[in-house]
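**Student:** okay, sequence plus prediction incoming.
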Amino acid sequence: MRFLTTGLMAVLGALLLLPMTAHAERIFVSNEKDNTVSVIDGESLEVVETIDVGRRPRAMVFNNDGTELFVAVGDDEAIDMVDLETLEVVRTQSSGEDPEVIRVDPKRPYIYVSNEDDNIVSILDYEERRRVGEIPVGIEPEGIGVSSDGKWLVATTETSNMAHIVDLDEQEAVYHRLVGARPRHAEFNHDDSEVWVSGEIAGTVSVLDRDDNFNIKHTIRFDVQGVPRETVQAVGVEMTSDGRYAFVALGPSNRVAVVDQETYEVLDYILVGQRVWHLALNGDESRLFTTNGVSGDVTVIEVDGFEAIKSIPVGRFPWGVVVEP
């Protein structure tokens, strides 16, 4: 009897462990021309699934409990919501005209949407599925960055060449800062003390100081030897949470710049695919994934050593990339 009890307990223990086995890390890539999202397995570094979504998918974010992936589908003027268990679109929410970049509020069930044609940032409640507000900004809003405390939003406007700093409690832009030409991306650093704004045509990153009313404290410039200056176009920015490195996608120069977050020194340039656009670090920040629009692939970079180790073919014109939390 004691043998049976011991054996039964061992079997039950093994069964209890089965549901706790986690799947490999997954990387999601939006393919602008294919109307799909590619799913890459973080261990094999191969595409394992393809999700059909709406027309012209670009930016993606996860909801706060990590159960859904939100995809901005620009030509449908909507946000597709993908169930992360079934990898299917389970609902769609209207977003306003031409949604390009979306971010989720860390404290509220809100999605912030840059509506390029309307010159506004829309605020959507993704639980109640309704629009709860809109914030006027400059001409052709694109990039959006949200501080981790949910206090500030920074929206970049391409034609105005400005970063608009929005107080989210008031839902109003309170500062407007002139930055490098055609600002594309806004990214807060690890402690929200700075926000980095890339200027595509300027080929620069403007570093804004939160403690100084978001005035510019430094401008980072890039110079890739042997590459025409006009192709060095700063777009996506990704930063490590330990405050060490920032990575800047440099568009048609086919390079990713590695920048010291403390000194703002450019440490290296990494050769990747053609027209690198956006970037995402994996969970332990050991790898960086880049979307390369013209070559239709994702470059995998080992952060330790700044080395590109693999190119993964995905769909046509990959735009956004996010790693499942």
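**Tutor:** Here it is on my side, so go on.
**Student:** which residues does Thr36 contact?
**Tutor:** If a contact means CB atoms under 8 Å, 6 or more residues apart in numbering, then Thr36 has Ser30, Thr50, Ile51, Asp52, Val53, Pro57, Gly315 as its contacts. Quick note: C-beta positions are derived from backbone N, CA and C, even for glycine.
**Student:** which helix or which strand is home to the nearest residue to the fifth one once chain neighbours are set aside?
**Tutor:** Spatial nearest neighbour of Val53, excluding adjacent residues (CB to CB, 6 or more residues apart in numbering): Asp80 at 4.7 Å. Element membership for Asp80 (DSSP states H and E) is strand 78-83.
**Student:** go on, Trp319?
**Tutor:** Element membership of Trp319 [criterion: DSSP H and E] is strand 318-323.
**Student:** doesn't Arg56 make contact with the residue nearest to Val53?
**Tutor:** No - using CB atoms under 8 Å, Asp80 is not in contact with Arg56; the gap is 11.1 Å.
**Student:** more neighbours: the two, which one.
**Tutor:** The neighbour count for Asp80 versus Arg56, taken as other CB atoms under 10 Å, is higher for Asp80 (25 against 21).
**Student:** that one pairs with what?
**Tutor:** With DSSP bridges as the criterion, Asp80 is bridged to Val71, Thr92.
**Student:** quick one: residues contacting it.
**Tutor:** Taking CB under 8 Å, 6+ apart as the criterion, Asp80 is in contact with Val53, Gly54, Pro57, Phe70, Val71, Val73, Val89, Thr92.
**Student:** try Arg184
**Tutor:** Listed by CB under 8 Å, 6+ apart, the contact set of Arg184 reads Glu142, Gly143, Thr156, Glu158, Ser198, Gly199, Glu200, Ala234, Val235, Gly236.
**Student:** same check on Glu142?
**Tutor:** Applying CB under 8 Å, 6+ apart to Glu142 gives the contacts Glu100, Val101, Ser114, Glu116, Thr156, Thr157, Glu158, Pro183, Arg184, His185.
**Student:** top of those by number of neighbours, please.
**Tutor:** Pro183 (34 neighbours).
**Student:** that one contacts Pro141, doesn't it?
**Tutor:** No - here Pro183 does not reach Pro141: they are 9.8 Å apart, not a contact under CB under 8 Å.
**Student:** shared neighbours of the two, anything?
**Tutor:** Listed as contacting both Pro183 and Pro141 by CB under 8 Å, 6+ apart are Thr156, Thr157, Glu158.
**Student:** measure the second one to Lys217 for me?
**Tutor:** Distance, Thr157 to Lys217, by CB to CB, to the nearest Å: 21 Å.
**Student:** for Gln171, same thing?
**Tutor:** 26 Å.
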